[in-house]
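A.B. asks: mind folding the following:
(2 chains)
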Amino acid sequence: MTTTSCRTTGQSYYESNALKRITSLLDPGSFHEIIRPEEKISSPHLRILGQPCSFNDGIIVGAGRLAGKKVLIAGQEGGFMGGAVGEVHGAKLTGLLQRATEEGPDGVLLLLESGGVRLHEANAGLIAVSEIIRSVLAARVAGVPVIGLIGGVYGCFGGMGIVARCCNALIISEEGRMGLSGPEVIETTMGVEEFDASDRALVWRTVGGKHRYLIGEVQRLVDDDVAAFRAAAIELLNDPRPLSLEELQKEHGMLSDRLKSCGSAYDAIDIWHTMGIAEPETLPLLDTAAFHKAVQHVYRGAA
Amino acid sequence: MALHSCDTLAQNRQARLGRARTITGGKLLRPEQVTELLEAIIEPGDRVCLEGNNQKQADFLARCLSRVNPENVHDLHLVQSVVALSEHIELFERGIARRLDFSFSGPQGGRMAKLVGSGTIQIGAIHTYLELFSRYFIDLTPRVSLIAAQAADAAGNLYTGPNTEDTPVIAEATAFKNGIVIAQVNKIMDEVPRVDIPADWVDFVVESPKPHYIEPLFTRDPAQISEIQVLMAMMVIKGIYAEYGVQRLNHGIGFDSAAIELLLPTYAESLGLKGKICSYWALNPHPTMIPAIESGFVKSIHSFGSELGMEAYIARRPDIFFTGADGSMRSNRALCQAAGHYACDLFIGSTLQIDLAGNSSTATIDRITGFGGAANMGADARGRRHVSPTWLKAGQEAQGRNSSMPRGRKLVVQLVETFREHMQPAFVEELDAWQLMEKTGMDIPPVMIYGDDVSHIVTEEGIANLLLCRNEEEREQAIRGVAGYTPVGIARSRSAVENLRDRGIIKRPEDLGIDKRLATRDLLAARSIKELVRWSGGMYDPPRRFRNW
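C.D. replies: Residues are numbered from 1 along each chain as shown, chains lettered A, B, ... in the order given. As a prediction, the model looks like this:
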């Protein structure tokens, strides 16, 4: 056995911060940040509440190149308030997407890591999320593909979960998690009998990357390796699907089919079993390559 | 001397067994008979050993004992490794037990401090494991021992499985001094896989309603190792393991030492150290050792106990671990403690507080936690006579040039960040142990490792080599010199510390040729529990709470 054979080689996406993800994802030296931290544009709300603030308000936005193509890019910083969206944070992202609509780059990459709206900023955060959604759709209508990447510690939940599903395509790692309400929120509102957020295995097989991939919500499942995310992003940029009525109908078709076939399933494992996977309980432990091999005969692709 | 006074213990044993016969004719008990049997067998004032340490617990027997009538069974003297269960404390609260000699009390430390304060528990002494086991054969021999095993056959042969731990030493001390041994087992089998305790050492066996509890105490999730810990691990590997050629060693529990284990196949291998360091271990089967084992770093590991989830992996690696004819591991706490004390050249572990003389303690004011095994591992073996290059080099450094009698010594390394949890400084002018002594009426403060046994202190600031210090002042400045921004560190003499650095007594990462920027989690051979499972070829089966699958 060689030294690193059991580990995802290279740089862990999960463990990197936003800046490290951006700089190692893009072509070396190509990243130019817009609204740099030395401008100290931070949240006015947090300051009033006496909370610590961040000079980038938990998001880095800018421009760079991916395999030579011109892209705009944003990275949410999970290390600051779990990547939660406040007014400034949201405005930076909305501004980047509006710029994409105007300038028409080859694509926009959104490195999503967020628990959703920053509760301290309440309405301002909620409005920001709706503006982000509108500008994602506007960029897509303008023919600019928007690709979401999910593989950070805090996952992608709440309003940003909605934003994710508005993208052209999503890339996720096994460690990545995506959903609307996060596990703790479901437990708090519906009770522990409905969802035990402390059961890590349950959490991952419900909102984790493998399940999201299997049920057709993300286009690529990759290793927790920045290079793997990069390779998948390059591929997806070359294959932009426009926002069209046909695409939307396909999506709706997928959702109603899912409700029919899996509406009564109690656990993700039941769904995998229904899909025709022979030993569904073994899926969570498989590494990405073995996983793809195990599911290729049933995987129908993402809508 | 009159003949009858020579065998009072044997007569007393027969009297106890006679009383037991009213309850059961044979060795096998039903669970509901146990409390009644304990009342029949145990006499007021008896010394009783309730097996339990930081891993396996005779929890069913403890519960039965806590339910006896205190009018019949009272004033017991408990002599046991660990006070871990709520039932252990209830024995004192109900007046069943009064006196206690023990070694460690992790989770019950707070309750215990209160009961000692109110006089409900009278502590004889707090021991190290090896010390307490030794006293079982001198002046603390149990009259009745309640032990735990995996399985028994109808004759009473016990199979203790991978978690043999303390059972042999307790059973031997009791059975061969006319005491009574009662075992709880997870199941009764026609034939046990192997005999760990022979039937004629065992008087009664009960199949407990639930398997005995085992704590996965040595599992550290690599996801929680910090980059500071990676940096400290790099310094230990390059500045101590490579420097002294450390081949035989013991690691304490903690994320600091787990980081070292996970750096062996990556950083240590890149320095060409495979085969030159870390070949032989006295160590529990830490899951974080799997990558080093699979990379061929490790030749042998003898263990105090097992670790939940490691059973199948251990069974497939009999070249590395000690396993029985049945294939499963045999651990033995007493023998492994002796091995760690006499046959290892290095101990490394963390602590909560270190004073200016290098004394370290895990005591805090409101908790009595005790010592366990670290004090034996982390002490120079004064009775050691065999030579190894590591031991000799350490001895030469400690003695300086002007010694007429060459002698080696053990490397005892304390590995701490300058600030621990909640920004509590790890370096202090006075240990909290002094206040605990005052409060609980102990004769001496509970010191885990004495300063004169410590050879090195490693923090994120560097390594202080205390062997090379020639007087108290140098020692104090060496400690201050790696104590960072703690009040103790800030009060250093800048010139004295620079002088110590020039003489190589303090080494900073850059003095060791370590680039701090390279100290990232990417150096860890595994960054999650799942990666450990993959390293093990799927044979490591971690407990549920450590899984996200």
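A.B. asks: which outside residues touch the host helix or strand of B:Leu100?
C.D. replies: Mapping B:Leu100 onto the secondary structure by DSSP states H and E places it in strand B:97-104. Strand B:97-104 is contacted from outside by B:48, B:53-54, B:74-83, B:91-92, B:121-129, B:131-132, B:135, B:140, B:369-372, using C-beta atoms under 8 Å, 6 or more residues apart in numbering or on different chains. (Each C-beta comes from the backbone N, C-alpha and C, glycine too.)
A.B. asks: where does the chain have low pLDDT?
C.D. replies: No chain was given, so I picked chain A. In the prediction, chain A carries residues with pLDDT under 70 at positions A:1-9, A:302-303.
A.B. asks: the chain in question should be chain B.
C.D. replies: Under the criterion pLDDT under 70, the flagged ranges of chain B are B:1-4, B:401-402.
A.B. asks: next up, the contacts around the residue of it found nearest chain A.
C.D. replies: Using C-beta to the nearest C-beta, the closest approach of chain B to chain A is made by B:Trp549 at 3.2 Å. Under the criterion of C-beta under 8 Å, 6+ apart, the contact list for B:Trp549 reads A:201, A:204-205, A:284-285, B:530.
A.B. asks: tell me the two of these that are most distant?
C.D. replies: For the contacts of B:Trp549, the maximum inter-member distance is 13.2 Å, found between A:Arg205 and B:Lys530 (C-beta to C-beta).
A.B. asks: list the residues that contact residue 23.
C.D. replies: This is for chain A. For A:Thr23, the set of contacting residues under the criterion of C-beta under 8 Å, 6+ apart consists of A:Phe31.
A.B. asks: to clarify, I was referring to chain B.
C.D. replies: Going by C-beta under 8 Å, 6+ apart, the list of residues near B:Ile23 reads B:29, B:33, B:36-37, B:40.
A.B. asks: would JSON lines of those residues with secondary structure, distance to B:Met310 and neighbour count be doable?
C.D. replies: Compiled in JSON lines, those are given as follows (DSSP: H, G, I helix; E, B strand; the rest coil; distance: C-beta to C-beta, whole Å; neighbours: other C-beta atoms under 10 Å in any protein chain shown):
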{"residue": "B:Leu29", "secondary structure": "strand", "distance to B:Met310": "32", "neighbour count": "21"}
{"residue": "B:Gln33", "secondary structure": "helix", "distance to B:Met310": "35", "neighbour count": "17"}
{"residue": "B:Glu36", "secondary structure": "helix", "distance to B:Met310": "38", "neighbour count": "17"}
{"residue": "B:Leu37", "secondary structure": "helix", "distance to B:Met310": "35", "neighbour count": "23"}
{"residue": "B:Ala40", "secondary structure": "helix", "distance to B:Met310": "40", "neighbour count": "21"}
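A.B. asks: tabulate those (TSV), appending distance to chain A.
C.D. replies: Supplementary listing: the contacts of B:Ile23 in TSV, determined by distance: C-beta to the nearest C-beta, whole Å:
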residue	distance to chain A
B:Leu29	37
B:Gln33	38
B:Glu36	40
B:Leu37	40
B:Ala40	44
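A.B. asks: out of these, the closest to B:Gly272 would be?
C.D. replies: For B:Gly272, the closest of the contacts of B:Ile23 turns out to be B:Leu29, at 59.1 Å, with distances computed as C-beta to C-beta.
A.B. asks: now, the contacts of strand B:97-104 that are in strands?
C.D. replies: B:48, B:76-82, B:122-126 (DSSP state E).
A.B. asks: in ChimeraX, how would I select the buried members of these?
C.D. replies: For the buried members of the ones in strands among the contacts of strand B:97-104, the matching ChimeraX selection, counting by 16 or more other C-beta atoms under 10 Å in any protein chain shown, is:
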select /B:48,76,77,78,79,80,81,82,123,126
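A.B. asks: return the member of the ones in strands among the contacts of strand B:97-104 nearest to A:Val117.
C.D. replies: Sorting the ones in strands among the contacts of strand B:97-104 by distance to A:Val117 puts B:Val82 at the head of the list, at 48.1 Å, by C-beta to C-beta.
A.B. asks: dig out what the closest one forms beta bridges with.
C.D. replies: B:Phe104 (DSSP bridges).
A.B. asks: now do the SS call for the residue of the stretch 201-303 of chain A found nearest chain B.
C.D. replies: For the stretch 201-303 of chain A, the nearest residue to chain B under the criterion C-beta to the nearest C-beta is A:Pro284, separated by 3.2 Å. With DSSP: H, G, I helix; E, B strand; the rest coil as the basis, A:Pro284 sits in helix.
A.B. asks: for A:Lys69, phi and psi?
C.D. replies: Note on A:Lys69: backbone dihedrals following degrees, to the nearest 10 are phi -80, psi 150.
A.B. asks: identify the residues contacting the nearest residue to it once chain neighbours are set aside.
C.D. replies: Leaving out its chain neighbours, the residue that sits closest to A:Lys69 by C-beta to C-beta, 6 or more residues apart in numbering or on different chains is A:Asp106, at 3.8 Å. Under the criterion of C-beta under 8 Å, 6+ apart, the contact partners of A:Asp106 comprise A:66, A:69-71, A:144-145, A:237.
A.B. asks: which of the residues you listed lies closest to chain B?
C.D. replies: Taking C-beta to the nearest C-beta as the measure, chain B sits nearest to A:Leu66 out of the contacts of A:Asp106, at 22.7 Å.
A.B. asks: which residues of the stretch 151-300 of chain A fall in strands?
C.D. replies: For the stretch 151-300 of chain A, the strands defined by DSSP state E, counting those that start in this stretch cover A:169-173, A:220-222.
A.B. asks: what's the most buried one of these?
C.D. replies: For the strands of the stretch 151-300 of chain A, ranked by mean neighbour count under the definition mean count of other C-beta atoms under 10 Å in any protein chain shown, the leader is strand A:169-173 at a mean of 27.
A.B. asks: and that one, how far from the chain's centre?
C.D. replies: Its chain's C-alpha centre lies 6 Å from the corresponding centre of strand A:169-173 when counted by C-alpha atoms, centre = their mean, to the nearest Å.
A.B. asks: and it, what does it pack onto?
C.D. replies: Strand A:169-173 makes packing contacts with strand A:146-150, helix A:209-214, strand A:220-222, helix A:226-237 when contacts are defined by 3 or more C-beta pairs under 8 Å, 6 or more residues apart in numbering or on different chains; DSSP states H and E.
A.B. asks: for it, which strands pair with it and how are they oriented?
C.D. replies: Taking DSSP bridges as the criterion, strand A:169-173 sits next to strand A:146-150 (parallel), strand A:220-222 (parallel) in its sheet.
A.B. asks: same list (these) but as a markdown table, adding distance to B:Leu217.
C.D. replies: Output for the strands paired with strand A:169-173, formatted as a markdown table (distance: least, C-beta to C-beta, whole Å):
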| stretch | distance to B:Leu217 |
| --- | --- |
| strand A:146-150 | 35 |
| strand A:220-222 | 35 |
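A.B. asks: does chain A have contacts with stretch B:286-298?
C.D. replies: Yes. Judged by C-beta under 8 Å from any C-beta of the partner chain, stretch B:286-298 comes into contact with chain A at B:291, B:294-295.
A.B. asks: closest to B:Ala496 among those?
C.D. replies: Distances from B:Ala496 to those, taken as C-beta to C-beta, are shortest for B:Pro291 (41.2 Å).
A.B. asks: I'd say that closest one and B:Ile260 touch.
C.D. replies: No. Judged on C-beta atoms under 8 Å, B:Pro291 makes no contact with B:Ile260 at a distance of 11.9 Å.
A.B. asks: more neighbours, these two?
C.D. replies: B:Pro291 (30 against 27; other C-beta atoms under 10 Å in any protein chain shown).
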